[in-house]
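Q: got a structure for you, letters missing:
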């Protein structure tokens, strides 16, 4: 199992709109690619949220080729949607992990 983790810190002034968009539009679009078999959404528990709230989005693929299919054919388009809708309002980093 391959885990593609996207950690995002979103500014407070757009948080509610962004979270609704992620749940109702972005995550379903990622799953519609067929590259992942499951997804999970977690809020990172941290003491200081004055400059934003952090989330971890996890997408599970059966194998590495499914992840590379996503990266090659879908990732840039889906990433651009978020950048266009919420410019300068979040920071993100991505991690690829393999179950051992």
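A: Nice, thanks for sending it over. As the structure is a computational prediction, the values presented were derived from the model and not from experiment.
Q: those strands in this protein, which residues are they?
A: Secondary structure of the chain (DSSP state E): strands at 2-10, 38-43, 53-61, 90-98.
Q: quickly run through the sheet partners of the last one, with directions.
A: Each strand paired with strand 90-98, and its direction, by DSSP bridges: strand 2-10 (antiparallel).
Q: what angle do the partner strand and strand 53-61 make?
A: Here the directions of strand 2-10 and strand 53-61 differ by 160 degrees (axes from the mean of the first three to the mean of the last three C-alpha atoms, to 10 degrees).
Q: gap between strand 2-10 and the chain center?
A: 5 Å (C-alpha atoms, centre = their mean, to the nearest Å).
Q: with stretch 81-92 instead?
A: 12 Å.
Q: what residues sit buried inside it?
A: Within stretch 81-92, the residues that count as buried by 16 or more other C-beta atoms under 10 Å are 82, 86, 89-90. (Each C-beta comes from the backbone N, C-alpha and C, glycine too.)
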